[in-house]
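Novice: could you look at this predicted model? Sequence included:
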Amino acid sequence: MLTHSSQANARTLARLVSALLLAATLLTLAACSTRPLIVQAMADELAGQGQAPEDDLLLAREASAFYLKLSESVLRQTPGHLPLAEAVAGGFTQYAYAFVAFDAEKIEPRDARAAQRLRERAARLYLRAQRHAMAALENQSLGFARALASPDSAQWPRLRADQVGVAYWAAASWGGFISLSKDSPDIVADLPLAIRLAQIAWGLQPDYGDGALASLMGTFELARAGGSAAQAGVYFDRAIALGAGQNAGAFVAKAEGLAQPAGDRAAFEALLRQALAAADSRRDLSNGVMRERAQWLLDSAGDLF
């Protein structure tokens, strides 16, 4: 009998086989008049896969490269497909964070050069995600990027409800890219734009992602000039509440964003243990990634304080 984990893995493999069959169909019918319909159907299928639950990090890592390349190829042919743009931008952002930037942190003590190469790769992946997300927003609202950069707040773009997810991943990937490009003043100078985009999304749907947007707002609050630790704490606590205590990322973000800089090891470790408990209460890819990070941070606490 298949275990729950085995059943989940089997479903994931079935979805990948489905995508492969769609890809084969797309190639076979590339010259036909029905090609736009096939591409659209494939975009719908891939967008749905991007939202599918998965808690096996090894399987997710092994499957991600194929899924991302295939999805990216289809997105280029359906640039206005917001759910697929959200899945692609989110996929590249999560891959960069969980499987590249995190690896760089882990190997830094023993191989600084290899860690730097990984950070550079993670930065490129973040930028790739940001460009896909911004291109989708621009496709939907011509002049979106120009309006976002306007010094006049009255000219700033407005989002529709179905654009919030794409905007979230655009802001999150932008922030990740900037955080790994601190030696490039021109890149760092864009931080206010990434924060502005997150704020616009927050104004429309503050509960997006069961606290994911609230957690991002907390991180950006600490990163911006003149940011308030107290306000960041409000955002992190909102993220924890929105996730009903099952969003491990919110606890990790608060531990790294507030407790660690304050030198409060007891609070740092308590938050990370709460993250582990949250990951146990809801098994999905995001919580799986944060479980691994929380455990690594706990194991490294002696070096961090």
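Specialist: Nice, I can see it.
Novice: quick one: the helices in the stretch 201-305 of the chain?
Specialist: Listed in chain order, the helices of the stretch 201-305 of the chain (DSSP state H, counting those that start in this stretch) span 212-223, 229-242, 248-254, 265-281, 285-299, 301-304.
Novice: next, format these as JSON lines and append mean neighbour count.
Specialist: No exception for glycine: its C-beta is placed from N, CA and C like everyone else's. What follows is the helices of the stretch 201-305 of the chain, written out as JSON lines (neighbours: other C-beta atoms under 10 Å):
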{"stretch": "helix 212-223", "mean neighbour count": "24"}
{"stretch": "helix 229-242", "mean neighbour count": "19"}
{"stretch": "helix 248-254", "mean neighbour count": "27"}
{"stretch": "helix 265-281", "mean neighbour count": "18"}
{"stretch": "helix 285-299", "mean neighbour count": "19"}
{"stretch": "helix 301-304", "mean neighbour count": "10"}
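Novice: any chance of those helices in JSON lines, plus distance to A98 and mean pLDDT?
Specialist: Putting those into JSON lines (distance: least, C-beta to C-beta, whole Å; pLDDT from 0 to 100) gives the following:
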{"stretch": "helix 212-223", "distance to A98": "14", "mean pLDDT": "97"}
{"stretch": "helix 229-242", "distance to A98": "18", "mean pLDDT": "98"}
{"stretch": "helix 248-254", "distance to A98": "11", "mean pLDDT": "97"}
{"stretch": "helix 265-281", "distance to A98": "13", "mean pLDDT": "97"}
{"stretch": "helix 285-299", "distance to A98": "4", "mean pLDDT": "94"}
{"stretch": "helix 301-304", "distance to A98": "20", "mean pLDDT": "94"}
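Novice: which stretch among these comes nearest N139?
Specialist: helix 212-223 (22.0 Å; C-beta to C-beta).
Novice: kindly export the closest one (C-alpha atoms) in CSV.
Specialist: Taking only C-alpha atoms (Å, rounded to 0.1, in the frame of the first residue of the first chain), the coordinates of helix 212-223 have been written out as CSV:
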residue,chain,number,x,y,z
ALA,A,212,3.3,35.7,2.8
LEU,A,213,2.7,39.3,1.8
ALA,A,214,2.6,40.5,5.4
SER,A,215,5.9,38.7,6.1
LEU,A,216,7.5,40.4,3.0
MET,A,217,6.2,43.8,4.2
GLY,A,218,8.0,43.1,7.5
THR,A,219,11.2,42.3,5.8
PHE,A,220,11.0,45.3,3.5
GLU,A,221,10.2,47.5,6.5
LEU,A,222,13.6,46.5,8.1
ALA,A,223,15.4,47.0,4.7
